[in-house]
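**Q** just to be clear, the model below is a prediction. Sequence and coordinates:
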Amino acid sequence: MLERYLTAASTYAHWIDYQFLLIAVLVGFWLIVAEGMMFWLIFKFRARDGRATQYITGEETHLKRWITIPHILVILCDIVIIVPAILVWYNIKQVMPPADETVRVIGQQWAWSFQQAGPDGVMDTADDIRTVGELHVKVNTTYHFELMSRDVVHSFAVPSFRLKQDALPGRTISGWFRPNRVGSYDIQCTQMCGIGHGLMAGRIIVETPQDHAAWLLHNSTPAVAGQQALPSPSTVGMDGLATMAEVRR
Amino acid sequence: MHKFQKSALYRIASRSLRLPLALVIGGLALSGCRMGATDAATRGQEVFETCVPCHNSDGSGNAAVGAPNIAGMKAWYVEREVDKFRAGVRGMHFNDVEGMRMRPMVLSLASEEDVKAVAHYVETLPPVPHGSSFPGDPKAGAALYATCGACHGDTGAGNQDLGAPRIAGVDDWYLATELRKFRSGVRGTNPKDREGRLMRPMARTLANEDAIRNVVAYVETLKP
């Protein structure tokens, strides 16, 4: 249902959507019942000439029932929400399916940059491809990501993948996604990270295997790669990130 | 008609609220519009507010966030570099940390007119000299500067015809940072960066870190 409003382009997007729908339906049901009841009671017991106000303590069993029965029902609904929520959390955040590819995602004020293996398929080698603001991935391929921050807390969010993960300076946070629909999707930062936070955007391009192979080949040629990266492979990885302190030495 | 709509309260409210409601709605609609009568100088100052968080209100910069001292920089140079950031010619290298920070900010400038206005405003800011932030040997740097002087001039005043900006009076940490970027290819490798591609081989004539520090120490002795 949510897919009608926001494309679902990863294998776990529909799990998140079902969870949202479940929460929206159950919480929405109780919202309508509670508000309806409140307005009905306000109307029914409005001030009228000749009718005295009653003092109700709410201690009698037949009155307490109006609290306890909805209370038990709400708790039951909570359980109905929490059980699948734990399953979704476990399957997305706690379990990592075997990776076909790995990408490094680096947040900084105010840009996303990416590093992935070149045609040799091995990360942290000379043919690695480094890009800024644009991540190219292959459809129906399981990606593990290593998420880092160069400065402050950021959050790597791809709404169409239903993916959102905070990036913390000094830590490498792992996660995964498996894109299942070819297209170009937004990347956003969803953690306030400074004055340029609202401008910290990027794109994730999901390509067919053929298009992705062509992109890899083009971007790993020395002429193109030279515009993206330092010549030394020692610059990759967290230790090699060109922080401002390193650049200024 | 409903009983409420016939009431005196409804009639009074509907008449007296018409004008305030129209004003509120109109005001909200116009609040997103820019006033057209603003002159270029005022507009430049307004646009410069985007730069203030990093470069400070006097343009003196902030080394802690890698924002250089831009007070008094020539408008032609500011405009050219801002255009490069806007076009992705600068600020798109994987290791250009400061450039990647700068690029989204210039992308928030609405138009070419705004770029020109802010560039001219920057030129009007009085230069703010800073002291040296690291040691170097100006005497040794003087010999190395001969290469730089060919374009930037003997006094470091720059040469617009050659596309070389003023470097006299520019903070030493910024000059050293950019020289390292040119040497390593973080700057000056984009095919569309004409001036950067000219600068890169010049920066590579500096053999090592000492050479960078020395030539920058010499530049710091030049009067802007």
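**A** Great, that's in hand.
**Q** grab the nearest non-local neighbour of residue 183.
**A** Since you didn't name a chain, this refers to chain A. Spatially, and ignoring its direct neighbours in sequence, residue A:183 is nearest to residue A:206 (5.6 Å; Cβ to Cβ, 6 or more residues apart in numbering or on different chains). Bear in mind the C-beta positions are built from the backbone N, C-alpha and C, glycine included.
**Q** look at chain B instead
**A** Leaving aside its chain neighbours, residue B:183 sits nearest to residue B:203 (4.9 Å; criterion: Cβ to Cβ, 6+ apart).
**Q** mind listing what the one you found touches?
**A** By Cβ atoms under 8 Å, 6 or more residues apart in numbering or on different chains, residue B:203 lies in contact with B:179, B:182, B:183, B:188.
**Q** quick one: the most centrally placed residue in chain A and residue A:93, what's the gap?
**A** With distances taken as Cα atoms, centre = their mean, the residue of chain A nearest its centroid is residue A:164 (1.8 Å). Separation of residue A:164 from residue A:93 (Cβ to Cβ, to the nearest Å): 11 Å.
**Q** in the helix or strand encompassing the residue nearest to the centre of chain A, what's buried?
**A** Assigned by DSSP states H and E, residue A:164 belongs to strand A:163-167. Under the neighbour-count criterion of 16 or more other Cβ atoms under 10 Å in any protein chain shown, strand A:163-167 has A:163, A:165, A:166, A:167 buried.
**Q** and the residue nearest to residue A:183, that's in a strand?
**A** Yes: assessed with DSSP: H, G, I helix; E, B strand; the rest coil, residue A:206 lies in a strand.
**Q** which strands and helices sit next to the strand holding residue A:164?
**A** The contact analysis (3 or more Cβ pairs under 8 Å, 6 or more residues apart in numbering or on different chains; DSSP states H and E) places strand A:163-167 against strand A:101-108, strand A:143-149, strand A:154-158, strand A:173-177.
**Q** figure out which of these is closest to chain B.
**A** strand A:101-108 (6.1 Å; Cβ to the nearest Cβ).
**Q** which residues touch the helix or strand following that closest one?
**A** Counting by DSSP H and E, the next helix or strand C-terminal to strand A:101-108 is strand A:111-116. When contacts are defined by Cβ under 8 Å, 6+ apart, strand A:111-116 is touched by residues A:101-106, A:123, A:128-136, A:156, A:187, A:189, A:200, A:202, A:236, B:91, B:94, B:100-101, B:103-104.
**Q** what strand or helix carries residue A:62?
**A** Element membership of residue A:62, judged by DSSP H and E, is helix A:61-89.
**Q** and that helix, which residues are buried?
**A** Within helix A:61-89, judged by 16+ other Cβ under 10 Å, the buried ones are A:77, A:88.
**Q** tell me how far that helix lies from the chain's centre.
**A** How far helix A:61-89 lies from its chain's middle: 27 Å, per Cα atoms, centre = their mean, to the nearest Å.
**Q** what is the mean pLDDT for it?
**A** Here helix A:61-89 scores 93 as its mean pLDDT.
**Q** list the helices and strands that helix packs on?
**A** helix A:13-44.
**Q** what angle separates the helix it packs on from strand A:173-177?
**A** Using axes from the mean of the first three to the mean of the last three Cα atoms, to 10 degrees, the inter-axis angle of helix A:13-44 relative to strand A:173-177 is 90 degrees.
**Q** which other helices and strands contact helix A:13-44?
**A** Packing contacts for helix A:13-44, counted by 3+ Cβ pairs under 8 Å, 6+ apart, involve helix A:61-89.
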